[in-house]
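1. Next comes the sequence, and after it the predicted model I'd like to discuss.
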Amino acid sequence: MAIKKGEHSIELLSRYVGEEVVNIILAETPQEIIEWRKGRGNKNYPYVAGSNFIRKLNEAFGFLWSHEVIKHEITDKHVVTLNKVTGHIPKRTIIRKYVDAQKGAVEETTVIEGQDIVKMQYGSYSAKVWNEDGKDHQAGDIISWGDSLKAAATDGLKKCSVEFGMFLDVYGGMEEEAVDPNQPTPQQIGALNLWAKDAGMTEAELAAWVMTTIGKELSSCDQLEIMQLIPRLRQVAKDKKKLANQ
C-alpha cells in the first residue's frame, strides 16, 4: 500500500505491531460513545470518555500496557501532570506460504521480537471549587485535590492514546480552540514549573533564571517564549542531576 501524506499506511504499520492491533487502534469510533461539551468560544466539541480509552488500550494490547504519572505540578488551582503510557507488543512468529514458479510450495518464517511502544504527554485540569461556605470549607476552596489529580492524569492518558492513533476520527481533525497567542496556557506554565521543580528552583530562582535567559519577566512572556524556555529548563534539570550523580 502506498504511503500518502497525511494518511496511515495500514500495511506499513501492521509490519511492526501486527494487523490485528492496528485494526483495533484505527477502528472508526462508534457514534454511541462520542459525547459533546462546551469549550472556548461557547462552541461544542466532541470527546470520548476516559473509560473508553482504557477499554481500547486493553483491546489493543491485551492488558499488556501501563500508565504512569512521571511528575505533577499544582499552580494556583490548576493541575498539570506528565504522563507516560507504554504498550507492549509480544514476540511473534509470522508464517507466509506461497507458490514459487521454480521452487514450488514455499514456506517463510519470520520472527519479530517483542517491543514496547512509549508515548508521553502532558495532562491538565482546572480544579473545581466550592461556591459557598460550608462546615469544613470556605467558598473558593478546592473540592477535591485527589479528583483533580485523577482528572489531569486521565487527560494525559487520553492524549498519549491519541498519539497511538486511537480515536483519531474524533480528535485528529478537531480544530484547535482559539487562544490568545500572547497569553501562555496553564499547561505551558505548569510544564515550566514541573521542570523548575525538577531543577530544584524556587519561584524566585525560576523568575531570575527566565530574566537571565531571555531578558524578560516570566509574567510578560508569550506562548512562543514559554515553549522555548521549557526545553532549556529541562536541560538545566538534567545537567544538575548529572552533576549530583558524579
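-> All right, it came through fine. Residues are numbered from 1 along each chain as shown.
2. So what pairs up with the residue nearest in space to the middle of the chain in the strands?
-> Centroid-nearest residue in the chain, with Cα atoms, centre = their mean: Q121, separated by 2.7 Å. Listed by DSSP bridges, the beta-bridge partners for Q121 are N83.
3. mind listing what it touches?
-> By Cβ atoms under 8 Å, 6 or more residues apart in numbering, Q121 lies in contact with N83, G156, K159, C160, E163. For the C-beta atoms, the positions are set from N, CA and C on the backbone; glycine is no exception.
4. Which stretches in the protein count as strands?
-> Counting by DSSP state E, the chain has strands at residues 34-38, 44-48, 65-75, 78-89, 92-100, 104-112, 115-126.
5. out of the ones you listed, which comes closest to N58?
-> The minimum distance between N58 and the strands of the chain falls on strand 65-75, with 7.6 Å, by Cβ to Cβ.
6. can you dump the C-alpha coordinates of that closest one into PDB?
-> This file holds the C-alpha atoms of strand 65-75, laid out as PDB (Å, rounded to 0.1, in the frame of the first residue of the first chain):
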ATOM      1  CA  TRP A  65       0.100  -1.800  28.900                       C
ATOM      2  CA  SER A  66       0.800   0.600  31.700                       C
ATOM      3  CA  HIS A  67       0.100   4.200  32.600                       C
ATOM      4  CA  GLU A  68       2.500   6.200  34.800                       C
ATOM      5  CA  VAL A  69       2.300   9.800  36.000                       C
ATOM      6  CA  ILE A  70       6.000  10.800  35.900                       C
ATOM      7  CA  LYS A  71       5.500  14.000  37.800                       C
ATOM      8  CA  HIS A  72       2.800  16.600  38.600                       C
ATOM      9  CA  GLU A  73       2.600  20.300  39.500                       C
ATOM     10  CA  ILE A  74      -0.100  22.300  41.100                       C
ATOM     11  CA  THR A  75      -0.200  26.000  40.200                       C
END
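7. Now do it against strand 78-89: the angle between them, please.
-> Using axes from the mean of the first three to the mean of the last three Cα atoms, to 10 degrees, the inter-axis angle of strand 65-75 relative to strand 78-89 is 170 degrees.
8. Tell me the buried residues in strand 65-75?
-> Within strand 65-75, the residues scored as buried using 16 or more other Cβ atoms under 10 Å are W65, H67, V69, H72, E73, I74.
9. Relative to K56, how far out is S124?
-> Separation of S124 from K56 (Cβ to Cβ, to the nearest Å): 22 Å.
10. okay, E176: pLDDT?
-> With respect to pLDDT, E176 has a value of 48.
11. My error: substitute Y16 in the last question.
-> 69.
12. right, and D169 touches T29 too?
-> Yes. With contacts defined as Cβ atoms under 8 Å, D169 counts as touching T29 at a distance of 5.3 Å.
13. So between the two, which is more surrounded?
-> Neighbour count, other Cβ atoms under 10 Å: between D169 and T29, T29 has more, with 17 against 14.
14. In contact with the residue located most distally from the centre of the chain: list those residues for me.
-> For the chain, the largest distance from the centre (Cα atoms, centre = their mean) belongs to Q102, which lies 51.5 Å off. Listed by Cβ under 8 Å, 6+ apart, the contact set of Q102 is empty.
15. if we can go back for a sec, state the distance from the residue nearest to the centre of the chain to T81.
-> 9 Å.
16. With M166 instead?
-> 19 Å.
17. Mind listing what's buried along stretch 156-167?
-> Neighbour-count burial for stretch 156-167 flags G156, L157, K158, K159, C160, S161, V162, F164, G165, M166, F167 (criterion: 16+ other Cβ under 10 Å).
18. I meant stretch 36-54, not that one.
-> Under 16+ other Cβ under 10 Å, the buried positions of stretch 36-54 are Y45, Y47, V48, G50, N52, F53, I54.
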